[in-house]
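Trainee: Have a look; sequence and predicted model below, questions after that.
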Amino acid sequence: LLSIAPIWHALALSFSSSAASNAGLVGLWPVDFNLSSYSTVVDDKAFFLAFWVSLKRVFLGGAVNFIMTILIAYPLSRPKAEFKLRNVFMWFLVFTMLFKSGLIPIYLTVQSLGLVNSIWSLVLPVAVPVFNVILLMNFFRSIPRELDQAAKMDGAGPWYTLYSIYIPLSVPALATITLFSLVMHWNSFLDGLIFMSKTENYPLQTYIQQLVVQVNLENMSAEEAVRIATVSDKTLNAAKIIISMLPIIAVYPFIQRYFIHGIMIGSVKE
């Protein structure tokens with residue numbers, strides 16, 4: 001109930017009138033039901049363009065995160081006898097979690113690489129999610145070493161062992177880190193403001209954020225002025241929250257069973 005109540009309240013706000021939301025009359029049910037907030041967000045070609053940019057970012061960024069996480073976590077999960085520099089690389093990754101370079105160095109790096117106004121500026125700076133690497137590395141370490149030794153005796157190399165043994169056994173962990181990456185890419189809006197100078201390159205979250213903070217009253221038509229008058233920051237933000245949640249809500253049911261399977265791993269011992 002504590003988790004659902006705020007979402008339900010946001011849903012009620014998004015379907016309420018501007019006057020009711022500003023007066024604080026909206027609780028768990030809409031007051032003066034209308035769809036003005038959703039019309040303001042959706043009734044624009046730029047909205048669908050931004051939605052397409054976000055979809056490209058999610059699929060491209062999720063794939064890059066997935067590949068990089070596996071390729072880094074697997075060698076770091078090996079014993080030190082097999083990978084002598086394991087601790088050096090591990091501390092290098094942990095260092096990036098503890099100390100951040102800041103926005104200006106990141107922007108200068110992206111600019112020097114010629115990635116400004118490119119979809120890659122939203123993907124490459126977060127290509128290696130260190131937290132996901134640590135999660136998957138620890139999961140790989142929990143896999144019995146006997147399987148790895150049996151594969152070596154059968155002549156399997158590291159690539160075949162990773163593909164045929166570790167990845168199939170790590171589906172719950174892989175589903176978890178994939179969902180983390182998808183949510184991160186879908187919800188990010190600040191990097192769109194930093195790396196994109198053209199509005200047509202904005203991802204969805206950046207575009208919706210700009211609807212609230214940048215309303216040009218001088219170039220607004222009479223019809224748009226009437227539509228803006230029927231919404232408020234509260235109803236518009238509520239509509240933004242609901243629209244932003246829909247893709248994740250649609251994806252989560254397909255991944256939920258892997259979470260349940262992950263919870264059961266290690267719970268029963270023989």
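Mentor: Yes, it's here. Residues are numbered from 1 along each chain as shown.
Trainee: contacting residues for Ser21?
Mentor: Residues near Ser21 by Cβ atoms under 8 Å, 6 or more residues apart in numbering: 13, 31, 232, 234-235, 238. The C-beta positions use only the backbone N, C-alpha and C, and glycine is treated the same way.
Trainee: centroid residue for the chain?
Mentor: Residue closest to the average C-alpha location in the chain (Cα atoms, centre = their mean): Met184, at 2.0 Å.
Trainee: any idea which element it lies in?
Mentor: Using DSSP states H and E, Met184 falls within helix 171-187.
Trainee: hang on, the earlier thing: my read: the residue nearest to the centre of the chain touches Val123, true?
Mentor: No. At 11.3 Å, Met184 does not count as touching Val123 under the criterion of Cβ atoms under 8 Å.
Trainee: What score does the residue nearest to the centre of the chain have for pLDDT?
Mentor: Looking at Met184, its pLDDT reads 89.
Trainee: check contacts around it.
Mentor: Met184 sits next to 126, 129 when contact means Cβ under 8 Å, 6+ apart.
Trainee: let's see 10 Å
Mentor: Listed by Cβ atoms under 10 Å, 6 or more residues apart in numbering, the contact set of Met184 reads 58, 61-62, 65, 126, 129, 131-132.
Trainee: just Phe92 next, same as before
Mentor: Contact analysis of Phe92 by Cβ under 10 Å, 6+ apart lists 85, 130.
Trainee: Secondary structure element for it, which one?
Mentor: Phe92 is located in helix 86-98, with elements delineated by DSSP H and E.
Trainee: After that helix, which helix or strand is next?
Mentor: Sequence order places helix 103-112 as the next helix or strand after helix 86-98, per DSSP H and E.
Trainee: now that following helix, how far from the centre of its chain.
Mentor: Distance of helix 103-112 from the chain centroid (Cα atoms, centre = their mean, to the nearest Å) equals 22 Å.
Trainee: quick one: average pLDDT of it?
Mentor: 90.
Trainee: Could you give me the buried positions within that helix?
Mentor: Neighbour-count burial for helix 103-112, counted by 16 or more other Cβ atoms under 10 Å, picks out 106-107, 110.
Trainee: before we move on, the earlier item: what would the contacts of Met184 look like in a markdown table with pLDDT, neighbour count and distance to Val116?
Mentor: As requested, the contacts of Met184 are exported to a markdown table (pLDDT from 0 to 100; neighbours: other Cβ atoms under 10 Å; distance: Cβ to Cβ, whole Å):
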| residue | pLDDT | neighbour count | distance to Val116 |
| --- | --- | --- | --- |
| Val58 | 92 | 22 | 21 |
| Gly61 | 93 | 24 | 17 |
| Gly62 | 92 | 21 | 22 |
| Asn65 | 95 | 24 | 21 |
| Val126 | 90 | 15 | 16 |
| Pro129 | 91 | 21 | 23 |
| Phe131 | 90 | 13 | 27 |
| Asn132 | 90 | 24 | 26 |
